[in-house]
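Asker: dropping the sequence and predicted coords here.
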Amino acid sequence: MSLFSDYTAEEQALLLRSLQATAVAVAAASPGRRTETVSEGFAAASYIMEVRQPYLANPLIGSLQYELERRTAARQSFPDFEKAATAAGAEQAAYDTLAATAALLDAKTNADEAASFKQWLLNIAAQTTEGGKEGGNFLGWGAVSVNDAEREALQQIAQTLGVDPASAAPAA
């Protein structure tokens, strides 16, 4: 078992970046209106901070959630999701971060803990896909909750992490 504090500062930064990277990979795969991107970021953040029950057995996830709560209480700023999701090269940078995170987890944790953390990242991505309706006209008519580009991003995230894509948790 490992805790967030067991990692070096660089490794901690990578673990934290992986949370945003999983959502950025989805948002960047299907760029939409600003409100859609913001909604996707909110969906990811809500899942990260509010869904705890399935991950109680993983101390790394719990200690990382605690660290985020600590930073929130200290009023530390978080990276701007919209800016990150719309930056040039955002999608590839997100996949690079996820691949590095998977390698770190495989190297520093036991197989169960690594698998659980990777599953958490995939579940964050699944929630992100449901965060904003895509397409449609200016009133939202014809929009869909999850489009083909987002489904493909979810598949690629799962492949990058080495997780079964069918295991993604349905949207809450």
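Answerer: Everything's here; your move.
Asker: what about the closest residue in space to Pro59 that isn't next to it in sequence, distance to Glu113?
Answerer: Sequence neighbours aside, Met1 is the residue nearest to Pro59 in space, at 5.0 Å (criterion: CB to CB, 6 or more residues apart in numbering). The way it works is simple: take the backbone N, C-alpha and C, and place the C-beta from them, glycine included. Distance, Met1 to Glu113, by CB to CB, to the nearest Å: 7 Å.
Asker: what is in contact with these two at once?
Answerer: In terms of CB atoms under 8 Å, 6 or more residues apart in numbering, Met1 and Glu113 are both contacted by the residues 59-60.
Asker: and the two? which has more neighbours close in?
Answerer: Neighbours per residue (other CB atoms under 10 Å) separate Met1 from Glu113, with Glu113 holding more: 18 against 12.
Asker: just the element for that one, please.
Answerer: helix 111-129 (DSSP states H and E).
Asker: please apply the same query to Ala45.
Answerer: Assigned by DSSP H and E, Ala45 falls in helix 34-50.
Asker: so which other helices or strands are in contact with the helix or strand following that helix?
Answerer: Using DSSP H and E, the next helix or strand after helix 34-50 towards the C-terminus is helix 59-73. Other elements packing on helix 59-73 under the criterion 3 or more CB pairs under 8 Å, 6 or more residues apart in numbering; DSSP states H and E are helix 9-29, helix 34-50, helix 111-129.
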